[in-house]
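Asker: Structure for this input, please:
(one chain, ligands or ions: 1)
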Amino acid sequence: MRSLKWIASAACSKVADRRACRVFFPVAVSKQAARKRADALREALREHNHRYYVLDDPSVSDAEYDRLFRELQSIESDYPDLLTDDSPTQRVGARPATQFSSVDHASPMLSLGNCFDDQELQDFDRRVRETLGISSDIAYIGEPKYDGAAVNLSYDGGVLVRGATRGDGRTGEDITSNIRTIRNLPLRLRGRGHPARLEVRGEVVMPRDEFAQLNARLEAAGQKAFVNPRNAAAGSLRQLDPAITADRPLYFYAHGVGVYEGNKPASDYDTMQQLKAWGLPIGSHLTRLDGLDACRDYRASLLQARPGMQVEIDGCVFKVDDEAARQELGFVSRAPRWATAYKFPAEEATTTLLAVEFQVGRTGALTPVARLEPVFVGGATVSNATLHNMDEIARKDVRIGDTVTVRRAGDVIPEVLGPVLSERPDDAQVIQAPRQCPDCGSAVERPEGEAVIRCTGGLVCQAQLREALKHFVSRQALDIDGLGARQIEQFVAEGLLASPVDIFRLNTHRAALLERDGYGEKSVDNLLGAIEASKQTTLARFIYALGIREVGSTTANDLAAHFGELEALQSAARAYADKLAEPAPEDETAAARERRLGESELRQMPNVGPTVAEHIAGFFAEPRNREVVSALLAQGIEWPAPRAASGAQPLKGKTLVLTGSLPDWTRDQAKQRIEAAGGRVTGSVSKKTDYVVAGSDAGSKLEKAERLGVSVIDQSGLQALLEG
Ligand code: 5U1
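Answerer: Numbers count the residues shown, from 1 in each chain. Predicted coordinates:
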């Protein structure tokens with residue numbers, strides 16, 4: 001088959017010549033010639049990509065690149081069987097997915113131990129030398145710890161076949177179509193000698209300037225901006241439509257390998273250089289370091305370079321360079337003994353405190369929020385920061401007009417650390433607590449023994465209503481997509497929402513919704529569909545969504561696992577309220593009262609002390625709350641029935657051993673949860689053990705479990721078991 005096309009002659013080598021050829025000479029092309037030309041174009045485009053995105057040294061203009069690209073597209077559209085998956089034209093174009101599928105990593109993606117000061121780094125180095133029996137300096141490699149989204153790339157025969165998120169380290173999400181859109185990573189490795197199978201681990205990041213531009217674009221389009229570059233990178237990778245990811249300024253940096261089926265170099269530094277030669281970006285600060293002092297100097301220089309770096313880093317990573325030594329050192333839990341991350345301190349900056357406003361939370365608590373002269377700190381521009389409460393303001397002696405130090409670490413809300421007293425202006429104003437709620441005007445009180453001040457407006461306070469609704473629809477609660485803070489504020493202001501129950505009546509306001517700016521048939525359908533879908537939930541989510549004071553998602557999970565049914569929780573709450581109201585013997589001591597109340601079922605739960613129990617009892621004792629709960633259930637909110645008649649017992653008959661420290665639970669809390677779910681906790685591992693729950697610094701029990709082939713899980717694995 002032949003096709004008549006305006007194409008460049010393969011004989012033309014220089015760019016200008018090629019352009020001339022294409023413009024002036026229409027030629028009939030055989031399929032064979034088309035294949036040859038397509039191969040040459042792919043090769044040229046890969047080279048230009050590499051020069052542009054990896055080496056930052058382009059050799060052709062954007063216009064010329066586009067021309068070559070379009071020429072290749074045109075050949076591939078004429079000869080679809082010449083199209084290859086690793087063609088540069090195939091980065092974008094995959095269809096939107098409906099969901100991501102799970103994918104098991106061929107080798108687990110490990111986590112990293114941390115150290116926070118020089119002493120801890122010295123301890124790490126000592127442990128390494130002791131284990132290896134070496135007294136001289138160890139050869140390490142040092143690299144920045146990029147603050148991005150961790151991914152795993154699989155190359156088979158040098159061709160990118162899969163990209164996945166880290167997930168829990170064993171199983172991630174298949175985001176191949178999105179990964180392919182990242183311009184600085186090769187769809188096909190350069191050069192030769194690629195391993196038959198190769199897993200490359202690294203971080204996907206978004207540089208600061210491009211992050212700021214993206215946020216400006218999103219805000220201009222009325223969309224929500226990202227909090228920081230890491231969230232922007234992770235959020236962009238989790239788009240179901242790869243075209244959106246393709247539009248985001250994402251970059252990949254490799255920091256290691258997983259599976260490597262081939263001749264792996266004996267040193268990690270050499271492996272990384274090999275990755276670089278194959279066209280994989282490895283970041284410019286990767287360095288070989290001899291011994292502890294060199295590591296300390298490296299950290300100091302990286303810390304100094306950090307403010308000028310476009311990609312955010314939150315520390316540096318030191319790894320033993322020698323592969324054989326790594327094998328000998330092995331792992332503790334899921335972190336290698338041969339690597340550590342030396343974290344940088346949270347970033348701080350100074351700026352001016354312009355004003356203080358009091359924000360009303362869903363429970364009426366008024367939080368002082370500092371309005372600041374915008375300042376770039378910790379990877380984001382900060383213009384608001386928390387001042388916590390009036391006691392903290394007094395303790396720090398912060399005043400309006402002061403120059404203040406602001407700290408921002410990761411996703412934590414920025415906080416005002418204190419004033420720079422030497423710069424205090426004469427007219428700095430002392431901050432006063434309001435007497436009235438800034439939203440509803442109700443009186444403000446400060447309950448005895450509490451640091452917070454509260455609005456007494458309750459149901460009349462729209463600010464409390466707005467916050468309660470935002471909590472109700474939040475991700476860990478009913479998770480209603482499309483009903484965010486902005487929509488809730490508008491709907492409350494317009495009187496469409498006066499209680500969570502009204503969310504499920506929004507379908508009766510379809511016409512009113514359609515009249516709103518930015519709402520078409522499709523967005524209204526999506527919103528109403530998400531609301532309908534949220535009715536199928538779990539008891540834990542529902543309990544959390546109710547917004548009972550001090551009942552966070554962990555306690556809600558515990559309550560749901562223990563009681564199994566809402567009625568059982570309600571009756572335990574009633575029993576506790578009755579106990580609280582019981583006339584106490586006149587001579588009852590505080591300890592005796594505590595013993596009496598402590599026997600209640602509600603108080604048997606891990607994490608439910610007197611205050612939380614009182615909040616739960618108080619919540620269900622309030623008639624208006626009970627009405628809302630009944631009305632919600634009448635709207636069709638439901639969850640799967642518990643497995644057992646008296647409380648779910650997903651671990652019935654199972655024996656578990658705890659070892660190491662879990663990230664969020666003490667050993668006692670984990671034990672109580674396991675026992676509440678019907679399981680038994682023993683102290684030593686045997687063949688009869690069903691699961692070993694391993695945290696960080698797990699020791700010989702973990703090794704024994706691995707030897708005996710007993711399943712090893714971490715905290716999230718345990719959580720999943722507890723949830724049945
Ligand atoms: N730079 C860098 N980041 N990072 C993260 N190296 C590195 N290595 C890691 C992780 C989790 O893990 C290996 C030590 C297994």
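
Asker: switch to C-alpha atoms for all contacts and neighbour counts from now on
Answerer: Fine.

Asker: So what does Pro144 have for phi and psi?
Answerer: Backbone dihedrals for Pro144, given as degrees, to the nearest 10, come out at phi -70, psi 150.

Asker: what's the helix or strand for Ala216?
Answerer: helix 208-220 (DSSP states H and E).

Asker: Give me the average confidence score over that helix.
Answerer: Averaging pLDDT along helix 208-220 yields 88.

Asker: so what does that helix touch, helix or strand wise?
Answerer: Judged by 3 or more Cα pairs under 8 Å, 6 or more residues apart in numbering; DSSP states H and E, helix 208-220 is in contact with helix 229-237.

Asker: Buried residues in the helix it packs on, which are they?
Answerer: Going by neighbour count (16 or more other Cα atoms under 10 Å), the buried part of helix 229-237 is 229-234, 236-237.

Asker: Stretch 330-339 now?
Answerer: 331-339.

Asker: for stretch 533-553, same thing?
Answerer: 534-535, 537-551, 553.

Asker: for Arg667, phi and psi?
Answerer: Dihedral angles (degrees, to the nearest 10) for Arg667: phi -60, psi -40.

Asker: hang on, the earlier thing: want to throw the buried residues of stretch 330-339 into TSV with distance to the ligand and pLDDT?
Answerer: Shown next, in TSV, are the buried residues of stretch 330-339 (distance: Cα to the nearest ligand atom, whole Å; pLDDT from 0 to 100):
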residue	distance to the ligand	pLDDT
Phe331	10	85
Val332	12	79
Ser333	12	67
Arg334	9	73
Ala335	7	84
Pro336	6	92
Arg337	9	93
Trp338	7	96
Ala339	5	96
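
Asker: Tell me which of these fall in strands.
Answerer: 331-332, 335-336, 339 (DSSP state E).

Asker: Pull the residues that contact the helix holding Ala216.
Answerer: 224-226, 228-229, 232, 248-249, 310-312, 379 (Cα atoms under 8 Å, 6 or more residues apart in numbering).

Asker: ok, of those, which come out buried?
Answerer: Neighbour counting over these (16+ other Cα under 10 Å) leaves 225-226, 228-229, 232, 248-249, 311-312, 379 as the buried ones.

Asker: Next step: the residues you listed restricted to helices.
Answerer: 229, 232 (DSSP state H).

Asker: For the ligand, give me its nearest residue in the stretch 201-350 of the chain.
Answerer: Using Cα to the nearest ligand atom, the closest approach of the stretch 201-350 of the chain to the ligand is made by His255 at 4.8 Å.

Asker: In contact with that residue, which residues?
Answerer: 200-203, 272, 282.

Asker: thinking again about what came up before, out of the contacts of helix 208-220, which are close to the ligand?
Answerer: The subset of the contacts of helix 208-220 within reach of the ligand, by Cα under 6 Å from any ligand atom, is empty.

Asker: Give me every residue in the stretch 51-200 of the chain lying close to the ligand.
Answerer: Counting by Cα under 6 Å from any ligand atom, the stretch 51-200 of the chain sits next to the ligand at 110-112, 143-145.

Asker: Which of those ranks first by neighbour count?
Answerer: Pro144 (26 neighbours; other Cα atoms under 10 Å).

Asker: What's opposite it in the beta bridge?
Answerer: Cys316 (DSSP bridges).

Asker: go on, the one 10 residues further on?
Answerer: Here Ser154 sits in beta bridges with Arg162, Glu199, as judged by DSSP bridges.

Asker: and it, how many neighbours does it have?
Answerer: 24.

Asker: Let me know the distance separating it from Ala694.
Answerer: For Ser154, the distance to Ala694 equals 28 Å [Cα to Cα, to the nearest Å].

Asker: What of Leu372?
Answerer: 44 Å.

Asker: for Ile480, same thing?
Answerer: Taken as Cα to Cα, the span from Ile480 to Ala694 is 34 Å.

Asker: Same check on Ala511?
Answerer: Applying Cα to Cα to Ala511 and Ala694 gives a distance of 55 Å.

Asker: Equivalent analysis for Ala451, please.
Answerer: 38 Å.

Asker: Which one of these two is surrounded by more residues?
Answerer: Neighbour totals were compared for Ala451 and Ala694, and Ala694 leads with 26 against 14 (other Cα under 10 Å).

Asker: I'd like the buried residues of stretch 330-339 as TSV, with distance to Ala212 appended.
Answerer: Shown next, in TSV, are the buried residues of stretch 330-339 (distance: Cα to Cα, whole Å):
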residue	distance to Ala212
Phe331	39
Val332	39
Ser333	38
Arg334	35
Ala335	34
Pro336	36
Arg337	38
Trp338	37
Ala339	33
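
Asker: Phi, psi for Glu489 please.
Answerer: phi -60, psi -40.

Asker: which residues sit in contact with it?
Answerer: The contact partners of Glu489, taken as Cα under 8 Å, 6+ apart, are Arg466.

Asker: Could you tell me which residues within whichever helix in the chain runs longest count as buried?
Answerer: If you go by DSSP H, the chain has its longest helix at helix 31-49. Across helix 31-49, burial judged by 16+ other Cα under 10 Å covers 31, 34-35, 37-38, 41-42, 44-46, 48-49.

Asker: so where's the stretch 201-350 of the chain shaky on pLDDT?
Answerer: 333 (pLDDT under 70).

Asker: what does it put close to the ligand?
Answerer: 255, 317, 339.

Asker: so where is the stretch 551-700 of the chain shaky, pLDDT-wise?
Answerer: 642-648.

Asker: Find the closest residue to the ligand in it.
Answerer: Ser696 (14.2 Å).

Asker: Distance-wise, check Ile282 relative to Gln274.
Answerer: 10 Å.

Asker: Mind checking which of the two has more residues around it?
Answerer: Comparing Ile282 with Gln274 by neighbour count (other Cα under 10 Å), the higher total belongs to Ile282, at 20 against 16.

Asker: No further questions, thank you.
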